[in-house]
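Visitor: okay, here's the prediction I keep looking at, along with the sequence it came from:
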Amino acid sequence: MTSAVKLAALGGQVSTLSRFRGALVGAVLGDCIGGEFEGAEDVPFDRVLQHLSGLEDDTRGDGILQYSDDTAMMRCVSHSLLTRTGFDEQDMARRFAKEYSLAPGRGYGSGVVQVLRKLASPQLSDVFQPAQAQFGGRGSFGNGGAMRAAPFALAFKNAADVRRYSRLGAMLTHSCSLGYNGAVLQALAVHLSLQGTLALPQEFINKLISEMEAVEKDETAQRDSKALNLAEFPYCARLHKVKELMERNGASIEEVISELGNGIAALESVPTAIFCVLHCLEAREGLPEHYGGLERTIAYSLALGGDTDTIACMAGAIAGAHYGILAIPQSWQRSCEGAEEADQLAERLYKLYHLERPEDGMTMSDSNQPHSHGSSQHPPNSD
């Protein structure tokens with residue numbers, strides 16, 4: 001490990017700009033590198049390490065790992081926030097629809113494709129309506145809103161704004177509270193990581209639990225949880241499981257999958273990504289000694305199998321915001337499509353974050369808030 005990387009690994013001595021760059025680049029790398037194992041049920045560490053060591057091989061040729069819909073939509077979020085100097089649901093929705101039409105083969109789920117096609121209609125006035133109409137009005141509880149949530153933490157200083165706009169941004173495609181609250185949790189995790197809170201892991205997880213207790217008191221969230229036979233505060237319950245697994249220290253991968261999940265539902269992937277980051281703050285058996293925390297985090301995310309690209313994308317954003325850009329191997333960055341653009345977007349978001357706005361947090365949505373629909377007895381689809 002270079003001295004620069006060692007310095008970055010200390011967490012508390014990383015510049016804010018480095019954290020911004022690390023967050024977006026880490027997300028893209030997690031997406032690109034994680035695509036290799038998406039859907040796999042059993043991923044031995046030796047396969048993961050072989051895949052990662054290949055990124056460092058100068059003789060591997062010009063092969064670039066392609067990004068998926070995770071990065072494609074995160075780019076749209078970033079460009080929209082930058083262009084509109086805040087959240088504009090019309091602009092963001094148009095960008096989602098256009099991005100899909102230009103590159104539909106990025107691995108979009110069938111559910112979100114239906115929404116994106118409707119968002120492309122110039123006659124559409126309410127851009128939240130297509131998502132709300134999905135699955136008989138029950139909406140989606142997938143992790144598609146969470147996978148693209150990191151830029152909200154990089155655009156807004158205030159936690160209340162991060163909560164509000166990550167929720168609205170997710171509701172463009174995921175109108176079930178289990179979907180958009182997953183995006184809120186992911187954005188808050190990046191927000192806290194940018195502030196260096198991960199240097200105190202217990203404080204980090206306790207703050208997330210406290211934030212989500214307030215979020216999940218919402219009447220719609222309570223109704224959805226009941227309809228799906230979940231705990232009254234499902235994300236808080238998962239975060240408490242994260243705490244238990246941290247205290248256990250030696251929890252097996254099988255236990256992590258069993259208790260947290262590794263699927264495409266936001267509830268089965270966002271808390272998992274958070275655990276990956278926390279678990280890999282220290283060196284772990286089976287992972288190379290020379291790996292820094294971000295490398296460990298992405299490697300461990302892949303070893304869980306399941307929705308590896310999205311879990312690694314979310315974990316990469318949180319870890320990258322903690323360790324900073326210097327902790328990310330150059331060879332990994334060169335191997336991943338979109339890493340260079342993510343770095344540039346992060347620098348621009350850093351400027352937006354520090355921009356003095358007369359009415360910070362005011363957006364095009366303030367006069368047109370969407371009304372989230374409650375769930376019926378049938379669970380929403382998780383695409």
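Guide: Sure, I can see it. Residues are numbered from 1 along each chain as shown.
Visitor: how far does stretch 140-147 sit from the chain's center?
Guide: Stretch 140-147 sits 9 Å away from the centroid of its parent chain (C-alpha atoms, centre = their mean, to the nearest Å).
Visitor: ah, wrong one, I meant stretch 323-333
Guide: 18 Å.
Visitor: buried residues, it. List them.
Guide: 323-329, 332-333 (16 or more other C-beta atoms under 10 Å). C-beta here means a position set from N, CA and C on the backbone, and glycine is covered the same way.
Visitor: so which elements touch the host helix or strand of residue 99?
Guide: Applying DSSP states H and E as the criterion places residue 99 in helix 89-102. On a contact count with 3 or more C-beta pairs under 8 Å, 6 or more residues apart in numbering; DSSP states H and E, helix 89-102 meets helix 69-84, helix 110-119, helix 159-171.
Visitor: tell me which of those helices sits nearest to residue 287.
Guide: Proximity to residue 287 (C-beta to C-beta) singles out helix 69-84 among those, at 23.5 Å.
Visitor: quick one: the closest one to chain centroid distance?
Guide: Chain-centre distance of helix 69-84: 13 Å, with C-alpha atoms, centre = their mean.
Visitor: export that helix as CSV, just CAs?
Guide: Extracted in CSV, the C-alpha atoms of helix 69-84 (Å, rounded to 0.1, in the frame of the first residue of the first chain):
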residue,chain,number,x,y,z
ASP,A,69,-28.4,0.6,-15.2
ASP,A,70,-27.1,1.4,-11.7
THR,A,71,-24.4,3.8,-13.1
ALA,A,72,-26.5,4.9,-16.1
MET,A,73,-29.3,6.2,-13.8
MET,A,74,-26.8,7.6,-11.2
ARG,A,75,-25.3,9.7,-14.1
CYS,A,76,-28.7,11.0,-14.9
VAL,A,77,-29.3,12.0,-11.3
SER,A,78,-25.9,13.8,-11.2
HIS,A,79,-26.4,15.6,-14.4
SER,A,80,-29.9,16.7,-13.5
LEU,A,81,-28.9,18.0,-10.1
LEU,A,82,-26.0,19.9,-11.6
THR,A,83,-28.0,21.3,-14.6
ARG,A,84,-31.0,22.4,-12.5
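Visitor: what's the angle between it and helix 110-119?
Guide: Counting by axes from the mean of the first three to the mean of the last three C-alpha atoms, to 10 degrees, helix 69-84 points 30 degrees away from the direction of helix 110-119.
Visitor: pull out the buried positions in helix 69-84.
Guide: Per 16+ other C-beta under 10 Å, helix 69-84 contains these buried residues: 69-82.
Visitor: hang on, the earlier thing: what comes up buried for the helix holding residue 99?
Guide: The neighbour-count check on helix 89-102 (16+ other C-beta under 10 Å) flags 89-97, 99-100 as buried.
Visitor: do you know which of the helices and strands packed on helix 89-102 lies nearest residue 41?
Guide: Of all these, helix 69-84 sits nearest to residue 41, with 20.7 Å by C-beta to C-beta.
Visitor: tell me the angle the closest one makes with helix 159-171.
Guide: Note on geometry: by the same axes, to 10 degrees, helix 69-84 and helix 159-171 are set 120 degrees apart in direction.
Visitor: average pLDDT for helix 69-84?
Guide: Confidence for helix 69-84, expressed as mean pLDDT, is 98.
Visitor: give me the helices and strands touching that helix, please.
Guide: helix 16-34, helix 89-102, helix 150-155, helix 308-323, helix 339-353.
Visitor: restricted to strands, list the buried residues of stretch 323-333.
Guide: Judged by DSSP state E, strands contain none of the buried residues of stretch 323-333.
Visitor: returning to that earlier point: so which of the helices and strands packed on helix 89-102 is nearest residue 264?
Guide: helix 110-119 (10.1 Å).
Visitor: tell me the pLDDT at residue 380?
Guide: At residue 380, pLDDT is 44.
Visitor: for residue 185, give me its contacts.
Guide: Residues near residue 185 by C-beta atoms under 8 Å, 6 or more residues apart in numbering: 146, 208, 211-212, 215, 235, 270-271, 274.
Visitor: using JSON lines, lay out those residues together with secondary structure.
Guide: What follows is the contacts of residue 185, written out as JSON lines (DSSP: H, G, I helix; E, B strand; the rest coil):
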{"residue": "146", "secondary structure": "coil"}
{"residue": "208", "secondary structure": "helix"}
{"residue": "211", "secondary structure": "helix"}
{"residue": "212", "secondary structure": "helix"}
{"residue": "215", "secondary structure": "helix"}
{"residue": "235", "secondary structure": "helix"}
{"residue": "270", "secondary structure": "helix"}
{"residue": "271", "secondary structure": "helix"}
{"residue": "274", "secondary structure": "helix"}
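Visitor: export the residues you listed to TSV and tack on pLDDT?
Guide: Listed next are those as TSV, based on pLDDT from 0 to 100:
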residue	pLDDT
146	98
208	98
211	97
212	98
215	97
235	98
270	98
271	98
274	98
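Visitor: which one among these gets closest to residue 224?
Guide: residue 235 (11.5 Å).
Visitor: remind me which residues of the stretch 1-150 of the chain are low pLDDT?
Guide: Applying pLDDT under 70 to the stretch 1-150 of the chain picks out residues 1-12, 58-63.
Visitor: ditto for the stretch 201-350 of the chain
Guide: Using pLDDT under 70, nothing in the stretch 201-350 of the chain is flagged.
Visitor: mind doing that once more with 80?
Guide: Scanning the stretch 201-350 of the chain for pLDDT under 80 picks out 249.
Visitor: which stretches of it form helices?
Guide: Taking DSSP state H, counting those that start in this stretch as the criterion, the stretch 201-350 of the chain carries its helices at 201-215, 219-227, 234-248, 253-260, 270-279, 293-303, 308-323, 330-335, 339-353.
Visitor: comparing those, which comes out most buried?
Guide: helix 308-323 (a mean of 33; mean count of other C-beta atoms under 10 Å).
Visitor: which ones are touching the nearest residue to residue 115 once chain neighbours are set aside?
Guide: Distances taken as C-beta to C-beta, 6 or more residues apart in numbering place residue 130 nearest to residue 115, at 4.6 Å, with adjacent residues excluded. Each residue near residue 130 by C-beta under 8 Å, 6+ apart is listed here: 114-115, 118-119, 124.
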